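> Predicted coordinates and the sequence they were generated for:
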Amino acid sequence: MAKLFLLLGGNLGNKEQIFSQARKRLQEELGAISQLSSVYETEPWGFESEDLFWNQVVVIETALMPKEVLVHTKAIELELGRIRKAARYSSRLIDIDLLFYDDLVLHEPNLELPHPRMIDRRFVLEPLAEVAADFLHPVFKQNIVSLLEDCGDQLQVKRLID
């Protein structure tokens, strides 16, 4: 079994309901959820929007290979109403990003692991540090807390009360 770290994100619709459905479907398709971070309310990154995002890290024990995981997460996004737009960064109902798959380093056209831009994004590192503070990034050889301390992203990330 591999330890898979995912990030849920979204800023449209009923976020509580959508996140709940996403976690349920991920567990059905990928495997048992072993850890969940708190939900964090975050400012949009890379674009302007009045709607704040919710972000949450989900850790799953999976028997699937990374490409299979990607196929399932994209299908779950579509099932929950995700519409991909031409703009790279935009408002969305749900986004499911693969952050880590154990300590695998993978560079393929449709999938890079670890997530290549996570170290620049406080909205990823804050919830990740909550569930995996000492996890060592396989490329940068730093734990998540150190990466968070070094992160230059100044956008607001606020933990919501559980």
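That came through fine.

> Identify the bridge partners of Gln9.
In this structure residue 9 is Gly, not Gln. Asn55, Asp95 (DSSP bridges).

> wait, doesn't it sit right on Leu93?
No. If you go by C-beta atoms under 8 Å, Gly9 and Leu93 don't touch, sitting 10.0 Å apart. C-beta here means a position set from N, CA and C on the backbone, and glycine is covered the same way.

> Would you mind telling me which of those two has the busier surroundings?
The residue with more neighbours, out of Gly9 and Leu93, is Gly9; 21 against 17, by other C-beta atoms under 10 Å.

> need the contact list for the more buried one.
53-55, 92, 94-97, 123 (C-beta atoms under 8 Å, 6 or more residues apart in numbering).

> So for Leu8, what's the pLDDT?
Looking at Leu8, its pLDDT reads 98.

> what's the answer for Asp162, then?
Reported pLDDT for Asp162: 60.

> Please apply the same query to Arg88.
Confidence at Arg88, expressed as pLDDT, is 63.

> one step back: need the contacts of Gly9 in TSV (columns: neighbour count).
Conversion of the contacts of Gly9 to TSV gives the following (neighbours: other C-beta atoms under 10 Å):
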residue	neighbour count
Phe53	23
Trp54	19
Asn55	27
Arg92	20
Ile94	25
Asp95	18
Ile96	22
Asp97	17
Phe123	23
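
> which sections of the protein are below the confidence cut-off?
Low-confidence segments of the chain, defined by pLDDT under 70: 47, 84-90, 162.
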